[in-house]
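# following is a predicted model, sequence given first.
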Amino acid sequence: MAVVEGAVSRVIYANDENGWAVISIRPDDGETLTAVGSLLGVRVGDRLRMTGSWRRHEKYGRQLAVESFVHIDPTTKSGIRKYLASAKIPGIGPVTAERLVKRFGTGTLHVLEHEPDRLTEVPGIGPKTARKIREGWSKVRGLQEIMVFLQGHGVSPSVALKAYKKYGSTALKVVRDNPYRLAGELFGVGFLTADRIGRNLGIPVDAPQRLEAGLLYVLAEAAGNGHVYLPANVLRKRAAELLEVEPDELVTALNTLVQKGLVVSEPVDDGEGFWLPRLYKAEQRTTERLAEQLTSETAKIDIDTGRAIPWYERTSGITLGDVQRRALAEALTGKLLIITGGPGTGKTTLIRGLVQILSRKDQTILLAAPTGRAAKRLSETTGLAARTIHRLLEFNPVTRTFGRCRETPLAADVLVIDEVSMLDIELAAHLLDAVPPACRIVFVGDADQLPSVGPGDFLRDLVGSRLVPVVRLDTIYRQSAGSLIVVNAHRINRGEMPLLPESGRLTDFYVINRDDPEAAAKTALDLATHRIPARFRLDPVDDIQVLAPMHRGELGVIEMNDRLRRALNPSGPELVFGSRRFRVGDKVMQIRNNYELDIYNGDIGRVSTIDPENLTVTVDFQGHVVPLAREDLDDLVLAYAVTIHKSQGSEYPAVIILLHHQHYVMPERNLLYTAVTRGKRLVIIVGSRRALVRAVSNATHRIRYTRLAARLTGALADRSRST
């Protein structure tokens, strides 16, 4: 790391939104150089001490990539004059800066900081202008102070920027008084960062604000792992381990959070449960809307299912099974229905039939799915436009509100939602809020797949409640029966080992045994880059997806992405910041919903252009071209290989599944099942047979703490008693 100290001679580029800047700085002991990085608030005349690393830009030459910096007040009259003239403080221009320095000399900055009432001693500065100068100076110093303070505690300039935007000139006071507010109020700042600051400031281990922040962090982390709430004993145990205190020491802090309205408590089966308020409200609203749907009348339509269903079979040239006919009849006439089943069981055929029959009855049908890929697939298979749920509900990224809600419901007679296993409790609540009382709802999905990435287990809760009508499709139909992908997906789901093709037979499902992790990684690499593209005429980047259960390890996503990129995209213009590296042509994935840019968790694209000077990357998300600024790049990762969880809702022409006993978290059956059902034309499992046997036999799945089924039972019982 290099340390450079000097005066800023020019600001070449500055983005006040994200703090990124390119500056010229004249060191005290050398020639003018260029520095780039998070340099929020830096002005011409500022004296800086910067820490960073040297790099060579193809076009602009040698640059200092700044990791951290501190302001050093100028000490000479000319330095102070230049600094004030360029600091963009209301009321101070070049003339006023000259007058201030003439009056106060090298003590000018001291006067501005500690004796602002003396500003009126300067000719031309009255009380009104003095107030403007005092307020402007406070903002400038506030930003500098929080930057210096947080960087001194090992916190990045980007966090300092977030803190300043949130708290303004009071940022330093807020953080000094309670650094744990950073974790609760700023996105991307975790408890551990706030705790490091708190411990450095000498805040006691058992300080109330620390205990409260730790409890909130554990609840938020649990939500990130799919839980809607945590039982009291689980919450206290996890928080005690994090905070290094005894569980009993957390009782008072937990009660305080409840009193403040930051946590909601409610009796559960095994004692008391605790929710974050947003998840509690979402679960309540979802329950209320489902109860309304199950107990209210639907609009009558003149339809004879005994004639309509045979008509669909004739016009489509298909023959439905008995269970399919029953499902279609219930979807046409019922109020709320779940259709669930694995691949090849005809879910799409039923959606298509529902659309074709109801279209002839002048019914308004809306189709949607949680992800863009799933919605596109739904449109292609039905011939009717389908949208993501966010688009359906007219989400406004600026206000973060939904245009379609309880007051302005959807204009629909029938609503069909596909891939419902991906629906988390908050999105389910917003969706059901927007459904008009008389509208029919058909939920379609595979209850045996992994649950949603977000909190809740919506589909499995509804199926398990036995309160919502469910039709389970379990017959593989002729058009899919010849596919080993389909056959083996169902075998795995039943706990049976997959069938393997005869030696030399070209099919769509293979298992390649590799006990050595390095051998497995090399085999997967060879398959993805050479053997599959040559044998099946598939593009190695766009058509082939490597899936792994975990991020780390020789067979983890991180290592495999590095290997695959070196093979498939070894060179080209690239952008490096910190440990991250993006290259033109890279396959990338968005890992967090960004409503402003209309890109969502799980969206895959290709890097099309890079601007290294402004640290921006343009990504083509399958026709949706999006420029990403520096602050957006934290949500972008390489996607030559992705975790199985991140592949939910997507289908790929070919998938390579890495499965090995070195994975310290043993893959569960539904994880393997989900991975296999991602492949359309080809699935290859590479790894150890022992891991495959254990995954197929491991029928357990991680319990998610939810109360939707129990709430729905209670709500329907209450409605029954009231009527």
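Good, I have the coordinates.
# other SSEs contacting whichever strand or helix holds residue 68?
Applying DSSP states H and E as the criterion places residue 68 in strand 61-72. Strand 61-72 is packed against strand 2-14, strand 33-38, strand 47-57, helix 127-152, with contacts defined by 3 or more C-beta pairs under 8 Å, 6 or more residues apart in numbering; DSSP states H and E. For every residue, glycine as well, the C-beta is placed using N, CA and C.
# if we go to 7 Å?
In this structure, strand 61-72 packs against strand 33-38, strand 47-57, helix 127-152, with contacts taken as 3 or more C-beta pairs under 7 Å, 6 or more residues apart in numbering; DSSP states H and E.
# end to end, how far does stretch 699-716 reach?
For stretch 699-716, the first-to-last residue distance is 31 Å (C-alpha to C-alpha, to the nearest Å).
# which other residues reach that stretch?
Contact with stretch 699-716 is made by 226-231, 268, 283, 286-288, 290-291, 294, 425, 451, 456-458, 461, 464-465, 467, 495, 668-670, as judged by C-beta atoms under 7 Å, 6 or more residues apart in numbering.
# with stretch 57-73 instead?
The contact list for stretch 57-73, computed with C-beta under 7 Å, 6+ apart, reads 2, 4, 33-37, 39, 46-56, 109, 144, 148, 151, 157, 612-613.
# next, the buried residues of that stretch.
Buried residues in stretch 57-73, counted by 16 or more other C-beta atoms under 10 Å: 63, 64, 65, 66, 67, 68, 69, 70, 71.
# ok, which stretches of the stretch 301-450 of the chain are helices?
305-316, 322-333, 347-359, 372-382, 389-392, 425-433 (DSSP state H, counting those that start in this stretch).
# and the last one, average pLDDT?
This points to helix 425-433. Averaging pLDDT along helix 425-433 gives 96.
# repeat for the first one
Regarding helix 305-316, the rounded mean pLDDT is 93.
# low-confidence ranges, the stretch 151-300 of the chain, go.
Along the stretch 151-300 of the chain, the parts satisfying pLDDT under 70 run over 151-152, 154, 156-158, 187-188, 299.
# for it, which segments are assigned as helices?
With helices called from DSSP H, counting those that start in this stretch, the stretch 151-300 of the chain shows them at 157-167, 171-177, 181-185, 191-200, 208-224, 232-243, 251-260, 277-295.
# of all these, which lies closest to residue 659?
Of all the helices of the stretch 151-300 of the chain, the one in closest proximity to residue 659, counting by C-beta to C-beta, is helix 208-224 (24.9 Å).
# the closest one - contacts with which helices or strands?
helix 181-185, helix 191-200, helix 232-243, helix 251-260.
# dump those helices to a markdown table, plus mean neighbour count and distance to residue 404.
Listed next are the helices and strands packed on helix 208-224 as a markdown table, based on neighbours: other C-beta atoms under 10 Å; distance: least, C-beta to C-beta, whole Å:
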| stretch | mean neighbour count | distance to residue 404 |
| --- | --- | --- |
| helix 181-185 | 19 | 29 |
| helix 191-200 | 19 | 35 |
| helix 232-243 | 19 | 35 |
| helix 251-260 | 15 | 32 |
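# what residue is smack in the middle of this protein?
Closest to where the C-alpha atoms of the chain average out (C-alpha atoms, centre = their mean) is residue 592, at 2.1 Å.
# adding distance to residue 363, write the helices and strands packed on helix 208-224 out as CSV.
CSV is the format used below for these (distance: least, C-beta to C-beta, whole Å):
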stretch, distance to residue 363
helix 181-185, 46
helix 191-200, 50
helix 232-243, 46
helix 251-260, 47
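# sounds good, over and out.
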